[in-house]
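Participant: mind looking at a prediction? Sequence and model below.
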Amino acid sequence: MSETVIAHTFAAPNAFTQAELGWEAWLEPLPVEELTERHWAGLVDKGRANSPYFRLLVRDPDILGARTRTDNDIFYNEKGGLPRAQRELTAATASRTNGCIYCASVHSRFATHHSKRFDDVQRLLDEGTAAPQDDPQWRAVIDASVALTETPGEFDAANVQQLRDAGLDDLSIVDTIYASSFFNWANRLMLSLGEPTPPKE
Amino acid sequence: MATDVIDQLVGIAPGDALDSLRNQRPNARENAQASFDALLHSNDLENVSQLERTAIAYWTLALSQSSATRFYRDLLVAEDEATLVALEAALPGATTSGPYGDYPDGPLSVENVEGLDWQPSAALADAVGARLAAALAHTHLLVYRPRDSSAEAIQALLDAGWSTTGIVTLSQLVAFLSFQLRVVAGLTVLKGNL
């Protein structure tokens, strides 16, 4: 069987934004009527059957299920550790560094929602990860996420010290490592399997 | 105790400080391992063979210059030494640093960063076959310049015989390992600074 990618006619967004973007795949998502019990298990949350991204990933249901459970614990387990806003900040930073406009839009919006600091988040999007941030915790978390995202990796003892000096405990540092690393997973899926659509009017 | 690859690669033993810290995110711990198992110990090899999975894993770690490369090198040696020899010969010409690549034309074009657009040599393609060679090129793209991803890159995989499901698995493999190798790098640094 010779297969062909799905051609898109829209112009994908060409700037980082906190606005809500859509996303469309270059490969055919599994049609809802073809989802078996194993596919539903891989989706974890049934609502995700509405998303073309998750219905494409569900073609390999076991890894999707494990991916989603990893994601949920890293970002939503609030028993101690890094505050939610800073977890989203690591995600926005990795996405800004790798160049995932879609991922950056979602997680910059979440960072703003949890921190109420739209302007600080927007500066990260507009001017980049090196843009000034007055909050030492934000500075340390952004620097750690960039260092973990670089290839080869640049994360070192100085990053750990910077996170500690900013008042973060060991569990928060583990969260920073997990969340930054996770977006190096998420960015590569989002970027490689499709592209964002323009913001809704 | 069941194997935990991240623990093994970092050197975390039961009762260590990092063991307790990892236990505070128990689902992340369990499912990072479940992800490894789903990709590298899958029972469903119809779309991506075991050799392809192992070769792509080694290539991802080696290009990323991860301290965990040896673990995946050993897996590939056990699977097929000839493929490892071919990949190791190609590695010096493929290794660079990242991320780099281009943005869609517009205000971010000033941030475009030039870099290597690596394609397998004829010798490498002969040694590993056109299908795996196409996956190695795609792995290089995802490791170093994910923002250069395109419909054309996906089409190249389809043309080389990859199925839609196979491309999903290939993408998950490179993307998951990009996570795992960073967790290992980060926790290794933290371990030395507790």
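Facilitator: Nice, thanks for sending it over.
Participant: for residue A:22, give me phi and psi.
Facilitator: phi -100, psi -180 (degrees, to the nearest 10).
Participant: which ones are touching the closest residue to it other than its chain neighbours?
Facilitator: Ranked by Cβ to Cβ, 6 or more residues apart in numbering or on different chains and with sequence neighbours excluded, the top spatial neighbour of residue A:22 is residue A:197, at 3.7 Å. Yep, even glycine has a C-beta here, placed from its N, CA and C like the rest. When contacts are counted by Cβ atoms under 8 Å, 6 or more residues apart in numbering or on different chains, residue A:197 is found next to A:10, A:12-13, A:21-24.
Participant: among these, which two are most distant?
Facilitator: Pairwise distances across those peak at 12.1 Å for A:13 and A:24 (criterion: Cβ to Cβ).
Participant: look at those two and report which has more neighbours.
Facilitator: For residue A:13 against residue A:24, the residue with the higher neighbour count under other Cβ atoms under 10 Å in any protein chain shown is residue A:13, and the figures read 22 against 17.
Participant: wait, the more buried one touches residue A:198, no?
Facilitator: Yes: with contact defined as Cβ atoms under 8 Å, residue A:13 reaches residue A:198; the gap is 5.8 Å.
Participant: and for these two, which residues touch both?
Facilitator: Where contact means Cβ under 8 Å, 6+ apart, the residues bridging residue A:13 and residue A:198 through contact with each are residue A:21.
Participant: give me the number of residues near residue B:184?
Facilitator: When neighbours are counted by other Cβ under 10 Å, residue B:184 registers 25.
Participant: please name the nearest non-neighbouring residue to it.
Facilitator: The spatially closest residue to residue B:184, leaving aside those adjacent along the chain, is residue B:9, at 4.6 Å (Cβ to Cβ, 6+ apart).
Participant: before we move on, what about residue A:115?
Facilitator: For residue A:115, ignoring the flanking residues on the chain, the nearest one in space by Cβ to Cβ, 6+ apart is residue A:85 at 3.8 Å.
Participant: ok, the closest residue to residue B:172 other than its chain neighbours - contacts?
Facilitator: For residue B:172, ignoring the flanking residues on the chain, the nearest one in space by Cβ to Cβ, 6+ apart is residue A:63 at 4.7 Å. Contact criterion Cβ under 8 Å, 6+ apart gives B:35, B:38-39, B:169, B:172, B:176 as the residues in contact with residue A:63.
Participant: and the helix or strand containing residue A:63, how far out from the chain middle?
Facilitator: Using DSSP states H and E, residue A:63 maps to helix A:61-76. The offset between the C-alpha centroid of helix A:61-76 and the centroid of the whole chain comes to 13 Å, using Cα atoms, centre = their mean, to the nearest Å.
Participant: buried ones in that helix, by neighbour count?
Facilitator: Counting neighbours by 16 or more other Cβ atoms under 10 Å in any protein chain shown, one finds that the buried residues in helix A:61-76 are A:61-71, A:73-75.
Participant: next: stretch A:118-125.
Facilitator: Going by neighbour count (16+ other Cβ under 10 Å), the buried part of stretch A:118-125 is A:120-122, A:124-125.
Participant: and which of those is nearest chain B?
Facilitator: The shortest distance between chain B and any of the buried residues of stretch A:118-125, using Cβ to the nearest Cβ, involves residue A:125 and amounts to 10.4 Å.
Participant: now for residue 54, how many residues are close by?
Facilitator: You didn't say which chain, so I picked chain A. Quick note: residue A:54 (other Cβ under 10 Å) scores 19 neighbours.
Participant: my question was about chain B, not that one.
Facilitator: Around residue B:54 there are 23 other residues, counting by other Cβ under 10 Å.
Participant: that one and chain A, how far apart?
Facilitator: With the distance defined as Cβ to the nearest Cβ, to the nearest Å, residue B:54 ends up 16 Å from chain A.
Participant: quick one, grab the pLDDT at that residue.
Facilitator: Per-residue confidence (pLDDT) for residue B:54: 98.
Participant: and it, what helix or strand is that in?
Facilitator: Since the elements are taken from DSSP H and E, residue B:54 ends up inside helix B:50-63.
Participant: show me what that helix is packed up against.
Facilitator: Taking 3 or more Cβ pairs under 8 Å, 6 or more residues apart in numbering or on different chains; DSSP states H and E as contact, the helices and strands that helix B:50-63 lies on are helix B:26-40, helix B:69-79, helix B:81-94, helix B:130-144, helix B:164-191.
Participant: ok, now with 10 Å
Facilitator: Helices and strands touching helix B:50-63, as assessed by 3 or more Cβ pairs under 10 Å, 6 or more residues apart in numbering or on different chains; DSSP states H and E, comprise helix B:26-40, helix B:69-79, helix B:81-94, helix B:122-128, helix B:130-144, helix B:164-191.
Participant: so can I have a markdown table of those showing mean pLDDT?
Facilitator: Listed next are those as a markdown table, based on pLDDT from 0 to 100:
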| stretch | mean pLDDT |
| --- | --- |
| helix B:26-40 | 98 |
| helix B:69-79 | 98 |
| helix B:81-94 | 98 |
| helix B:122-128 | 97 |
| helix B:130-144 | 98 |
| helix B:164-191 | 98 |
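Participant: contacting residues around residue 117?
Facilitator: Since you didn't name a chain, this refers to chain A. Taking Cβ atoms under 10 Å, 6 or more residues apart in numbering or on different chains, we find residue A:117 in contact with A:85, A:89, A:111, A:123, A:133, A:135, A:138.
Participant: that's the wrong chain, I wanted chain B
Facilitator: With the criterion set at Cβ under 10 Å, 6+ apart, residue B:117 makes contact with B:101, B:137, B:140-141, B:144-145, B:148.
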